[in-house]
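Peer 1: Let's see this in three dimensions:
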Amino acid sequence: MILEKFQNIFKIPELRGRILFTLAIFVIFRLGCFIPIPGVDASALAQSPIFQTGAFGLMNVFAGGALQRMSIFALGIMPYISASIIMQLLTIAIPQIEQLSRQGEEGRQKITQIARYATLPIGAIQGVALTFWVQSMQGGAFVTSQGIGFILPAVITLVTGTIFIMWLGEKITERGIGNGISLIIFAGIVAQLRPASGNVSRLLSVGEITPFHLFLFAVISVSIIAAVVVIYEGERRIPIRYARRIVGRKVYGGQTTYLPIRIGGVGVIAIIFAISILLLPATLARFTPEGSFLYPFMEHITQWLSPGALLYYFLFALAVIFFTFFYTAVVFNPVEVADNMRKYGGFIPGLRPGRPTAEYITSVLTRVTFVGALFFAVIAVLPMVVNRQLMHQSFAFGGTSILIAVGVALDTVQQLESHLLMRHYKGFMQAGR
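Peer 2: So this is what the prediction gives:
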């Protein structure tokens, strides 16, 4: 039955074209991950353990391995994500931006355009810091030239690569299938499966990992993925009724529907926001010159805020909870929802329209968001602990990667589902029925 569903996808010319276009973009992205920036000894840099663990290890996973090769896509899409985070924060702080966010699709496009412009200086700052740091590693052993002759072309290349990735993501959203930016991150995460599997095989061969550890890790991983799917698909449905209206000889309304509030509605976004903020101090600490008076303190910061440290796990969980509530408050306005319901004659049984309805929706939303935030906080931390204890960090995936990968995969499957159902084909969700 599943094979039949995949065959149905390629029977629809438009959907087939969108999928092939998305795959072509993935190929371009992966090719760019292997093209080094000018003046870097990529083969020597790839052997450095600095990109295997800690903050840079996680950034390397998101970049699809491009960071450890110092390729043209080494910065990945993170500068754009940082710009988007800043714009979301400014939505609450600046009334003009808040007004833009309330202007529907047109306002969101303007905010997105501002985020695109902000990506350029953010990428330039990150590029300068990264090139300075690579130039100073082991006395310049990883670069073929020094000074401005290396830094200037390298920064221009890195920023251009980030802008190009951003453009690729937008093209996927426009002409492909799924959310382009999320799919670019997804492609980078999945691309690391092969080197991670090689690390596991190597450790198995030397006896550092036992088959039992591998089996236990697989069982826990499958259980976590299953739990993530259940939470992503779970929702709290608030029943809504619409009063009957008679206009001429026609009767409108009189039907019952529901307002869905998803438990995992903002899971991926909250995780990306949290990891971006949490990696910032450790990243800055890496760029502190050796011998400076700040270097010992920044070394402690690096140790405290690197994956594996207790403080990192605690702050990561808190950041996930905070951004889950924060982003929910940004994208879901109970007062606006209640007002729209009242305009169209809708009401929640047992509640008066207006303020009582808004308060009820707010209470339900708070409870649902709290459950989702706690779940995501646990899932964000638990796989990293399991990976560290059972697999000696050989498998470069944690809760963040799992949540992003599963969330993006589910969103993409739902888009495929909608395309199939619109053309009277059975979707993937009906495969077992």
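Peer 1: Find me the pLDDT at residue 25, would you?
Peer 2: With respect to pLDDT, residue 25 has a value of 93.
Peer 1: What residues of the helix or strand containing it count as buried?
Peer 2: Taking DSSP states H and E as the definition, one finds residue 25 inside helix 13-32. Residues of helix 13-32 classed as buried by neighbour count (16 or more other Cβ atoms under 10 Å): 15, 18-19, 21-22, 25-26, 29-30, 32. Where C-beta positions appear, they are placed from N, C-alpha and C, glycine not excepted.
Peer 1: Please state the offset of the helix or strand that it is followed by from the chain centre?
Peer 2: Following helix 13-32 in sequence order, the next helix or strand is helix 42-46 (DSSP H and E). The gap between where helix 42-46 is centred and where its chain is centred comes out at 27 Å by Cα atoms, centre = their mean, to the nearest Å.
Peer 1: Run through who's touching helix 42-46.
Peer 2: 36, 68-71, 134, 141-142 (Cβ atoms under 8 Å, 6 or more residues apart in numbering).
Peer 1: CA atoms only: put the helix or strand residue 326 falls within into PDB for me.
Peer 2: Assigning secondary structure by DSSP H and E places residue 326 in helix 310-331. Output in PDB follows, covering the C-alpha atoms of helix 310-331 (Å, rounded to 0.1, in the frame of the first residue of the first chain):
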ATOM      1  CA  LEU A 310      25.100  20.000  33.400                       C
ATOM      2  CA  LEU A 311      24.600  23.800  33.100                       C
ATOM      3  CA  TYR A 312      24.200  23.400  29.300                       C
ATOM      4  CA  TYR A 313      21.400  20.800  29.700                       C
ATOM      5  CA  PHE A 314      19.700  23.000  32.300                       C
ATOM      6  CA  LEU A 315      19.800  26.200  30.300                       C
ATOM      7  CA  PHE A 316      18.900  24.400  27.100                       C
ATOM      8  CA  ALA A 317      15.700  23.000  28.700                       C
ATOM      9  CA  LEU A 318      14.800  26.400  30.100                       C
ATOM     10  CA  ALA A 319      15.400  28.100  26.700                       C
ATOM     11  CA  VAL A 320      13.200  25.500  24.900                       C
ATOM     12  CA  ILE A 321      10.400  26.100  27.400                       C
ATOM     13  CA  PHE A 322      10.800  29.900  27.100                       C
ATOM     14  CA  PHE A 323      10.800  30.000  23.300                       C
ATOM     15  CA  THR A 324       7.800  27.600  23.200                       C
ATOM     16  CA  PHE A 325       5.700  30.000  25.200                       C
ATOM     17  CA  PHE A 326       7.200  33.000  23.500                       C
ATOM     18  CA  TYR A 327       6.600  31.900  19.900                       C
ATOM     19  CA  THR A 328       3.100  30.600  20.800                       C
ATOM     20  CA  ALA A 329       2.300  34.100  22.100                       C
ATOM     21  CA  VAL A 330       3.600  35.600  18.900                       C
ATOM     22  CA  VAL A 331       1.700  33.400  16.400                       C
END
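Peer 1: Mind listing what's buried along it?
Peer 2: Buried residues in helix 310-331 (16+ other Cβ under 10 Å): 312-313, 315-317, 319-328, 330.
Peer 1: returning to that earlier point: show me what the helix holding residue 25 is packed up against.
Peer 2: Counting contacts by 3 or more Cβ pairs under 8 Å, 6 or more residues apart in numbering; DSSP states H and E, helix 13-32 is packed against helix 2-9, helix 148-175, helix 180-191, helix 399-422.
Peer 1: can I get those in JSON lines with mean pLDDT, distance to residue 62 and mean neighbour count?
Peer 2: Below are the helices and strands packed on helix 13-32 laid out as JSON lines (pLDDT from 0 to 100; distance: least, Cβ to Cβ, whole Å; neighbours: other Cβ atoms under 10 Å):
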{"stretch": "helix 2-9", "mean pLDDT": "66", "distance to residue 62": "28", "mean neighbour count": "12"}
{"stretch": "helix 148-175", "mean pLDDT": "91", "distance to residue 62": "11", "mean neighbour count": "19"}
{"stretch": "helix 180-191", "mean pLDDT": "86", "distance to residue 62": "5", "mean neighbour count": "22"}
{"stretch": "helix 399-422", "mean pLDDT": "78", "distance to residue 62": "8", "mean neighbour count": "20"}
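Peer 1: Redo these as a markdown table? Include distance to residue 273.
Peer 2: Formatted as a markdown table, the helices and strands packed on helix 13-32 follow (distance: least, Cβ to Cβ, whole Å):
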| stretch | distance to residue 273 |
| --- | --- |
| helix 2-9 | 32 |
| helix 148-175 | 17 |
| helix 180-191 | 13 |
| helix 399-422 | 11 |
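Peer 1: Go through this protein and flag its longest helix.
Peer 2: Longest helix in the chain by number of residues (criterion: DSSP state H): helix 355-390.
Peer 1: for the record, mean pLDDT for that one?
Peer 2: Rounded mean pLDDT across helix 355-390 is 84.
Peer 1: re earlier: could you dump the buried residues of helix 13-32 to TSV with distance to residue 92?
Peer 2: Converted to TSV, the buried residues of helix 13-32 look like this (distance: Cβ to Cβ, whole Å):
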residue	distance to residue 92
15	39
18	35
19	38
21	36
22	34
25	34
26	35
29	33
30	38
32	35
